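K.L.:
predicted model and sequence follow; I will ask about them next.
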Amino acid sequence: MPSETIAALPIRVLLIDMPQMLRQIIRQTLARDPRFVIVGEYTEHVAIDLAVNRSKADFVIMGSAVFESRAVRDRLLEEGPQVRVLAVGPDGAQTTLYELQPHEVALGELSPEHLASVMAGAASDVGVGG
């Protein structure tokens with residue numbers, strides 16, 4: 001595939017297990033930015049490894065309570081070691097980016113405007129999207 005085509009590919013995002021209002025804010029924020037496409041959305045805990053595998057997600061945005069499970073992290077690392085996880089607290093005030101290498105960046109409070117910028121920057125670090 002030519003490099004121009006690869007650079008134009010959108011960043012594939014999977015949303016999992018967050019409060020409805022928070023999920024809606026994230027969905028609307030990403031929908032306004034052509035660098036992103038939401039490839040799946042689950043309102044409750046699912047077989048995360050299967051969801052990532054099926055959707056070929058580059059990013060998973062999920063409730064931090066779910067991601068605290070060691071088993072969830074291990075399944076994600078096995079199934080999609082290049083996937084990045086943005087774990088969001090229930091009120092959106094605490095957000096952490098996990099790169100599953102293991103590498104972690106505490107982001108603190110994250111505004112909707114800053115969300116797309118953080119994800120695009122992390123994705124470009126591994127050559128995902130444009």
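P.N.:
Looks like it arrived, so ask away. The structure displayed is predicted, hence computed values, not measured ones.

K.L.:
give the rounded mean pLDDT of the lengthiest helix in the chain.
P.N.:
Criterion DSSP state H: the longest helix present in the chain is helix 112-125. Averaging pLDDT along helix 112-125 gives 78.

K.L.:
elements contacting that helix?
P.N.:
In terms of contacts (3 or more CB pairs under 8 Å, 6 or more residues apart in numbering; DSSP states H and E), helix 112-125 is packed against strand 11-16, helix 20-31, strand 59-63, strand 84-88. (C-beta placed from N, C-alpha, C; glycine too.)

K.L.:
following the second one, which helix or strand shows up next?
P.N.:
Okay, so that is helix 20-31. strand 36-42 (DSSP states H and E).

K.L.:
which residues does that next one contact?
P.N.:
10-17, 23, 27, 30-31, 51, 54-57, 116, 119, 129 (CB atoms under 8 Å, 6 or more residues apart in numbering).

K.L.:
just the angle between that strand and helix 20-31, please?
P.N.:
150 degrees (axes from the mean of the first three to the mean of the last three CA atoms, to 10 degrees).

K.L.:
could you check the angle strand 11-16 makes with whichever helix or strand comes after strand 36-42?
P.N.:
Remark: after strand 36-42, the chain's next helix or strand is helix 48-55, criterion DSSP H and E. For helix 48-55 against strand 11-16, the angle between stretch directions is 140 degrees (the same axes, to 10 degrees).
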